[in-house]
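# The amino acid sequence is not available; the structure is as follows:
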């Protein structure tokens, strides 16, 4: 069995409101059966999206991809900033949250 989970995106931020979009969850790949050759095998663990500082108006950051063999789980998208801003959610395998408007 193999389970590959990517990093989730961070939420967006705007310092004057709480109406920010949350980051998207990281992609998941599950295989009941998966051949793994003997010896060293490369593994990449995708980190979560870097948090946005409180005083910064910005979209969230995308999460990193996770890789095992030929399987790649894509990271989640960063969330949007508050309503009225022009910074929409980032695009990734799993988009980040949109704000209310």
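Ah, there it is. The model shown is predicted, which means the values in this text are computed figures rather than measured ones.

# Pull up the gap between the nearest residue to residue 68 once chain neighbours are set aside and residue 43, please.
With sequence-adjacent residues excluded and distances taken as CB to CB, 6 or more residues apart in numbering, residue 68 is closest to residue 4, at 4.9 Å. For glycine as for every other residue, the C-beta is placed from the backbone atoms N, C-alpha and C. Residue 4 sits at a distance of 9 Å from residue 43 (criterion: CB to CB, to the nearest Å).

# between the two, which one's more packed in?
residue 4 (23 against 10; other CB atoms under 10 Å).

# mind checking how far the residue nearest to residue 11 when sequence neighbours are not counted is from residue 28?
By the measure of CB to CB, 6+ apart, the closest residue to residue 11 outside its immediate chain neighbours is residue 79, 4.2 Å from it. The spacing between residue 79 and residue 28, counted by CB to CB, is 19 Å.

# Could you check which of these two is surrounded by more residues?
Just comparing residue 79 and residue 28: by other CB under 10 Å the higher neighbour count belongs to residue 79, 29 against 13.

# residue at max distance from the center of this structure?
Ranking residues of the chain by C-alpha distance from their mean position (CA atoms, centre = their mean) puts residue 38 at the top, at 31.3 Å.

# quick one: residue 33 from residue 27, how far?
Between residue 33 and residue 27 the distance is 20 Å, computed by CB to CB.

# So for the two, which sits in the more crowded spot?
Applying other CB under 10 Å to residue 33 and residue 27 shows that residue 27 carries more neighbours, namely 22 against 6.

# That one reaches residue 75, doesn't it?
Yes: with contacts counted by CB atoms under 8 Å, residue 27 reaches residue 75, the gap being 7.1 Å.

# Burial check on residue 75, number of neighbours?
For residue 75, the neighbour count with other CB under 10 Å is 28.

# Hmm, it is touching residue 10, no?
No: in terms of CB under 8 Å, residue 75 does not count as a neighbour of residue 10; the distance is 10.6 Å.
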